[in-house]
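Undergrad: Okay, structure incoming, though there's no sequence with it:
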């Protein structure tokens, strides 16, 4: 009797099913960042919260998840679009909500919380410099006289530091794709170069900070850029990468071992992207509900920090970390829904004029 083995299920097979948990995973990541910031912005001990993450810094873990997922989804988007369509899609996804956040912070939140007279506030060039945050290149964190009385003073929206890195990843991936003649053949060599650089750093120690791509330092760009490229790598090889629970379990073991022996960054690079793909496709949950609710992750991430600073200021720094997390989560997700419904979704519908609708792209 001939033993015919069933072909191994691949990640590509799961992608073809279309249903996934990416919206849910990214919303969870945004909330992890929000909760982590709640302790930093109140100056309260985050020990209990940190203990839930196996020795990993939760905010960094969540941001890494954002970049791994983004690298996977954006690679798929890039394959299906022309050069012009790709940039239109990316700009219409990232800039509208970013512009709303920047203008609301500078023209509504700022005047309410500034310690300066309103006339002086609106005459200050820093007020209008903050509006340049609408373009994901340089990041201005300060508004004149705003949030001077809080635990973490003079920072209106500390979460914006990742946005230029995300934009740079879009630029770099497009360059890799089109230089590689509309393939991702150069992804592995670029990953190898970045990895070799980090190995060099491990043996030779840190380098002096180098500002890159606006106001962002080069090391975070390379770190999260590598995570982004690993996501792209999984997309490129999705049709040969096995989709197995055993591999996902091994990834959890790698994360535990990395935490135990102090190699958290290495463990994240090795294990986190595949584990995220497994969680995204293994058993999609609340897909219909999330589709109706919309993708709230981006808006939650953008709005949370200034809302938290405002709540700390209004409470005269008396609010504790957990209450700040709860209050800011409710307000941020409410604003994120309005942003999705009236800013982001209309922008994405406008994007459809340039390209055919793509189910996976709605979360990219």
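TA: Done, it's in. Please read these numbers as outputs of a predicted model, since none were measured by experiment.

Undergrad: The helix or strand residue 349 falls within - contacts with which helices or strands?
TA: Per DSSP states H and E: residue 349 is located in helix 345-351. Helix 345-351 sits against helix 83-104, with contacts defined as 3 or more CB pairs under 8 Å, 6 or more residues apart in numbering; DSSP states H and E. In this view, the C-beta of every residue, glycine as well, is placed from N, C-alpha and C.

Undergrad: counting contacts, what elements does the helix it packs on pack onto?
TA: Partner elements for helix 83-104 (3+ CB pairs under 8 Å, 6+ apart): helix 58-79, helix 162-179, helix 297-314, helix 345-351.

Undergrad: Just send those back as JSON lines, with distance to residue 288 too.
TA: Below are those laid out as JSON lines (distance: least, CB to CB, whole Å):
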{"stretch": "helix 58-79", "distance to residue 288": "20"}
{"stretch": "helix 162-179", "distance to residue 288": "28"}
{"stretch": "helix 297-314", "distance to residue 288": "18"}
{"stretch": "helix 345-351", "distance to residue 288": "17"}
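
Undergrad: so which of those helices gets nearest residue 147?
TA: helix 297-314 (4.9 Å; CB to CB).

Undergrad: Okay, now the unreliable bits of the stretch 151-300 of the chain?
TA: 213-214 (pLDDT under 70).

Undergrad: Show me where it has its strands.
TA: 211-212, 216-217 (DSSP state E, counting those that start in this stretch).

Undergrad: Quick check: which of those has the most neighbours on average?
TA: Burial of the strands of the stretch 151-300 of the chain is given as mean neighbour count (mean count of other CB atoms under 10 Å); strand 216-217 ranks first at a mean of 18.

Undergrad: Quick check: can you name the pairing partners of that strand and their directions?
TA: Counting by DSSP bridges, the strands paired with strand 216-217 are strand 211-212 (antiparallel).

Undergrad: can the strands of the stretch 151-300 of the chain go into TSV with extra columns for distance to residue 83?
TA: As requested, those are exported to TSV (distance: least, CB to CB, whole Å):
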stretch	distance to residue 83
strand 211-212	24
strand 216-217	24
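
Undergrad: Compare those and report which one is nearest to residue 34.
TA: Closest among the strands of the stretch 151-300 of the chain, using CB to CB: strand 216-217, at 21.5 Å.

Undergrad: got the contact list for the helix holding residue 349?
TA: Under the contact criterion CB atoms under 8 Å, 6 or more residues apart in numbering, helix 345-351 has outside partners 88-89, 92-93, 96, 294, 362.

Undergrad: Tell me the most packed of the residues you listed, by neighbour count.
TA: Neighbour counts for the contacts of helix 345-351 (other CB atoms under 10 Å) peak at residue 89, which has 25 neighbours.

Undergrad: In this model residue 76 seems to touch that residue, though I could be wrong.
TA: No - assessed by CB atoms under 8 Å, residue 89 is found out of contact with residue 76, at 11.5 Å.

Undergrad: sorry, back to before: tell me the two of the contacts of helix 345-351 that are most distant?
TA: Taking CB to CB as the measure, the contacts of helix 345-351 span a maximum distance of 20.9 Å, between 88 and 294.

Undergrad: Show me what counts as buried in the helix or strand harbouring residue 336.
TA: Element membership of residue 336 [criterion: DSSP H and E] is helix 321-339. Within helix 321-339, the residues scored as buried using 16 or more other CB atoms under 10 Å are 321, 324-325, 327-329, 331-333, 335-336, 339.

Undergrad: What of stretch 171-186?
TA: Of all the residues in stretch 171-186, those buried under the rule 16+ other CB under 10 Å are 172-174, 176-177, 184.

Undergrad: sorry, back to before: closest to residue 134 out of the helices and strands packed on helix 83-104?
TA: Here helix 162-179 is closest among those (CB to CB), at 10.3 Å.

Undergrad: That closest one: how far from the chain's middle?
TA: 14 Å (CA atoms, centre = their mean, to the nearest Å).

Undergrad: tell me the pLDDT at the spatially most central residue of the chain?
TA: For the chain, the residue nearest the mean C-alpha position is residue 66 (3.6 Å; CA atoms, centre = their mean). Note on residue 66: pLDDT of 97.

Undergrad: May I ask you to confirm that it is in contact with residue 28?
TA: No - in this structure, residue 66 is not within contact of residue 28 by CB under 8 Å, at 10.7 Å.

Undergrad: Nothing else from me, thank you.
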